[in-house]
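A.B. asks: need a 3D model of the sequence below.
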Amino acid sequence: MAVQVSFYSDAADPLHYACRLIRRALATGRPVGVCVAEAEAARLDALLWSFDAAEFIPHRRWDGATPPAPGEVLLVDDAARLPHRGLLLNLCDGMPGDALDFERVLEVIGQEPARVQAGRARYRVYQQAGAKLDHFSAAG
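C.D. replies: This next block holds a predicted model:
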């Protein structure tokens, strides 16, 4: 079965937009993993703590040593390390490891030209692999 990949382009603040997507993804009941560069992981971690004062988004930077709790969002720098193949949210510029093995992938693309180009390159890779693709604007 082909992976479903949704691209969210033109995000003014990709990490903040990712928090919205993570909250929605958790509601599906699927395990959720986030591929995020080490340089941005601390900011995403802090945003997930403060994103919504009335709601807690369970998450942690996963080291692979302890099993994840049900409903816990795992933050990794390499998606291939995730213990599940449920839903993957990619915030990295490169193609995530094992991306085509996930049930669903969400790609958040910012506004910087280099990130837009990297997102287009990933789109082509997914397209050539036969993934089911859709696109949404994150602007506004």
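A.B. asks: OK, contacts around Tyr17?
C.D. replies: Going by C-beta atoms under 8 Å, 6 or more residues apart in numbering, Tyr17 touches 8, 11, 108, 138. In short, each C-beta sits where N, CA and C put it, glycine included.
A.B. asks: go again with 10 Å.
C.D. replies: Taking C-beta atoms under 10 Å, 6 or more residues apart in numbering as the criterion, Tyr17 is in contact with 8, 10-11, 91, 108-110, 138-139.
A.B. asks: can I get the helix or strand where it lies in CSV, CA atoms only?
C.D. replies: Element membership of Tyr17, judged by DSSP states H and E, is helix 14-26. Provided in CSV are the C-alpha atoms of helix 14-26 (Å, rounded to 0.1, in the frame of the first residue of the first chain):
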residue,chain,number,x,y,z
PRO,A,14,7.0,25.6,10.7
LEU,A,15,7.6,24.5,14.3
HIS,A,16,4.5,26.3,15.6
TYR,A,17,2.4,25.0,12.7
ALA,A,18,3.8,21.5,13.5
CYS,A,19,2.3,21.8,17.0
ARG,A,20,-1.2,22.2,15.5
LEU,A,21,-0.6,19.2,13.2
ILE,A,22,0.7,17.1,16.1
ARG,A,23,-2.4,17.9,18.2
ARG,A,24,-4.6,16.8,15.3
ALA,A,25,-2.5,13.7,14.7
LEU,A,26,-2.8,12.5,18.3
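A.B. asks: what about that helix, distance to the chain center?
C.D. replies: Relative to its chain's centre, helix 14-26 lies at 8 Å (C-alpha atoms, centre = their mean, to the nearest Å).
A.B. asks: partner strands of the helix or strand immediately after that helix in the chain, with direction?
C.D. replies: Downstream of helix 14-26, the first helix or strand assigned by DSSP H and E is strand 32-35. Paired neighbours of strand 32-35 in the sheet (DSSP bridges): strand 73-76 (parallel), strand 87-90 (parallel).
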